[in-house]
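Asker: A predicted structure for the sequence below; I have some questions about it.
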2 protein chains.
Amino acid sequence: MSAAPPTRKPRADSQRNRERLIAAAKAGFTDKGADVSLEEVARRAEVGIGTLYRHFPTREALIEAVYRREVQNLGEAADRLAAEAAPAEALRRWMVLFIDYIATKKVIAATLESLVGGGSDLYAASSVQITGAVTRLVEAAAGAGQIRPDTQPDDVLRALVGFAYGHAQPGWRESALRLVEILMAGLTPQGR
Amino acid sequence: MSAAPPTRKPRADSQRNRERLIAAAKAGFTDKGADVSLEEVARRAEVGIGTLYRHFPTREALIEAVYRREVQNLGEAADRLAAEAAPAEALRRWMVLFIDYIATKKVIAATLESLVGGGSDLYAASSVQITGAVTRLVEAAAGAGQIRPDTQPDDVLRALVGFAYGHAQPGWRESALRLVEILMAGLTPQGR
DNA sequence: TTTATATACGGAGGCTCCCTCCGTTTATCA
DNA sequence: TGATAAACGGAGGGAGCCTCCGTATATAAA
């Protein structure tokens, strides 16, 4: 019953403003942390606050837009690692990568909580990417008998997200990396 | 050169208001999360906002006051466990206790980040309690050869704090408990 | 080109929160 | 029963969140 809506070409200014907003948000997040005032982002983008809200109804939507690509990279890295190393080693390396990712793009941490469970739908895309990556790696390693067969991918992700907590503190990265090793040791079957 | 200041007995209303504020804050934290508006806390306590700020100059100071006792309990539990179980087992049980503690008094989670490193001085007392507890347990277990000798207490704490991240999500507790087991497995010397 | 209109813009305005400052009140002590 | 140090309370300035709607403009049709 629904006639194909004769869609009009999206307005050029709209797209331009969207880009400006994402760029401004990225900059803002980077040097002011994940709770920059949205009004400031709008100011930086030289755009009205109303425009910001039209494009990104919530702060999360904006963060999501900024970090979609980074998350995608992480997902692709999982496949690359799976291809070039033994399953357990691939998992290990990916976890290390994850940690280093946080260490660099600290702001991504703001979105982490939603990766495990409850987040808003807006993160769904990112969440699926990461969850999928972990699941593939864990299942491969478990299937190959290189880690405990009952390992829950969600648990692993939760641990990783947890390790990311408190990044920005001195010595965080080293500690997180040690924890990854301990986690791997805990996952090996003979650990029993 | 400083004569003993002839201290006057503290005013009764002051103490009473302090109590009311702590009670109101506890209630507020419990059913509205760690970012209740301080104005609402003051309202609940039936006290002016100025009074709240005089007693607790920062939001952290208030949280600290609310949870000081809980933290102390956790510290004492460490000693009790150390007395009644083998070192590694004591560590394990304490970690479980820690998780369950978070599960119940969720708000304590708000103070967790500061346990590891950077927090404001106001948390110092709590931080020392917990850090001390972990350190005692880890060192005992390591000394007894029941966990890797190079285990860093800070890493263990960081992992625990990390596991606590995302509490309030369905299945969190079970996941956290599984992670504690994995962590213990990762810490056992023969894990090598 | 000109016109019509769907889209998008911008920011004023209402609300809430943070925190400070200071005039008023009150509990303690002499 | 004062005198006064201590505490109270809330107005008020600043800032952020988000909505609403009058204005402007890019697109498509004439």
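Answerer: Sure, I can see it. Residues are numbered from 1 along each chain as shown, chains lettered A, B, ... in the order given.

Asker: looking only at pLDDT, what's the mean for stretch A:92-107?
Answerer: Averaged across stretch A:92-107, the pLDDT comes to 83.

Asker: Now the spatially most central residue of chain A. Nearest residue, chain neighbours left out?
Answerer: In chain A, the residue lying closest to the centroid (CA atoms, centre = their mean) is residue A:71, at 4.4 Å. Among residues not flanking residue A:71 along the chain, residue A:126 sits closest, at 4.3 Å (CB to CB, 6 or more residues apart in numbering or on different chains). C-betas here are computed from N, CA, C, even on glycine.

Asker: Reduced to three states, what does the one you found come out as?
Answerer: Per DSSP: H, G, I helix; E, B strand; the rest coil, the local secondary structure of residue A:126 is helix.

Asker: my guess is it meets residue A:69, correct?
Answerer: No: at 10.1 Å, residue A:126 does not count as touching residue A:69 under the criterion of CB atoms under 8 Å.

Asker: Looking at the two, which one has more neighbours?
Answerer: Neighbours were counted for residue A:126 and for residue A:69 using other CB atoms under 10 Å in any protein chain shown; residue A:126 has more, 24 against 9.

Asker: Can you check which helix is longest in chain A?
Answerer: helix A:59-84 (DSSP state H).

Asker: helices or strands next to it in the packing?
Answerer: Judged by 3 or more CB pairs under 8 Å, 6 or more residues apart in numbering or on different chains; DSSP states H and E, helix A:59-84 is in contact with helix A:12-32, helix A:38-44, helix A:87-104, helix A:109-112, helix A:124-143.

Asker: Residue of chain A closest to chain B, please.
Answerer: In chain A, the residue that lies nearest chain B is residue A:162 (2.5 Å; CB to the nearest CB).

Asker: chain center to the helix or strand containing that residue, what's the gap?
Answerer: Assigned by DSSP states H and E, residue A:162 falls within helix A:153-164. Averaging C-alpha positions (CA atoms, centre = their mean, to the nearest Å) puts helix A:153-164 12 Å from its chain's average.

Asker: got the contact list for it?
Answerer: Applying CB atoms under 8 Å, 6 or more residues apart in numbering or on different chains, the contact partners of helix A:153-164 are A:91, A:95, A:98-99, A:102, A:109, A:112-113, A:115-116, A:130-131, A:134-135, A:138-139, A:175-176, A:179-180, A:183, A:187, B:158-159, B:161-166, B:171-172, B:175-176, B:178-179, B:182.

Asker: Within range of DNA strand C, give me the residues from chain A.
Answerer: A:7-8, A:10-11, A:13-14, A:17, A:46-51, A:53-55 (CB under 7 Å from any atom of the strand).

Asker: mind checking how far residue A:182 is from residue A:32?
Answerer: 34 Å (CB to CB, to the nearest Å).
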